[in-house]
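K.L.:
With the input below, show me the fold.
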Amino acid sequence: MDINTLFEQAVEQSKSLSEKPGNEILLQLYALFKQAKEGDINIEAPVNPFDFVAKAKFTAWEELKGKSADEAKQAYIDLIKSLQS
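P.N.:
Numbers count the residues shown, from 1 in each chain. Down below sits the predicted model:
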């Protein structure tokens, strides 16, 4: 199977995990998904200093800058597999 098919399967599997992952894992999944789908971060940093969720999401995605879409997809697939074990 190609990486795109495996990635789409992992996205579907993420919706039916037996346990909801913690916030750190959820942030990783979010950032990897965004990097895989959109590439390097393309939005402005949140301006509201009290919007901690938006800031955390922005930072997590920004940290993946330079990672290729295929690398992000593979990391996402691997992370989902580790959560299913």
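K.L.:
Please count neighbours and contacts with C-alpha atoms only from this point.
P.N.:
Noted.
K.L.:
all helices for this structure, in order.
P.N.:
Using DSSP state H, the helices of the chain run over 3-14, 23-38, 52-62, 69-84.
K.L.:
what's the angle between the second one and helix 3-14?
P.N.:
By that I understand helix 23-38. 150 degrees (axes from the mean of the first three to the mean of the last three Cα atoms, to 10 degrees).
K.L.:
any idea how far helix 23-38 is from the chain center?
P.N.:
Counting by Cα atoms, centre = their mean, to the nearest Å, helix 23-38 is centred 1 Å from the centre of its parent chain.
K.L.:
That helix to helix 52-62, inter-axis angle?
P.N.:
60 degrees.
K.L.:
tell me the mean pLDDT for helix 23-38?
P.N.:
For helix 23-38, the mean pLDDT works out to 97.
K.L.:
now the angle between helix 69-84 and it, please.
P.N.:
Using the same axes, to 10 degrees, helix 23-38 lies at 150 degrees relative to helix 69-84.
K.L.:
which helices and strands sit right next to helix 23-38?
P.N.:
helix 52-62, helix 69-84 (3 or more Cα pairs under 8 Å, 6 or more residues apart in numbering; DSSP states H and E).
K.L.:
Nearest approach to Glu44 belongs to which of the helices of the chain?
P.N.:
Glu44 lies closest to helix 52-62 among those, at 8.5 Å (Cα to Cα).
K.L.:
Can you spell out which helices and strands pack onto that closest one?
P.N.:
helix 23-38.
K.L.:
Which residue is the nearest non-sequential neighbour of Ala75?
P.N.:
What sits nearest to Ala75 in space, not counting adjacent residues and going by Cα to Cα, 6 or more residues apart in numbering, is Leu32, at 7.2 Å.
K.L.:
before we move on, what about Asn4?
P.N.:
Lys73 (7.6 Å).
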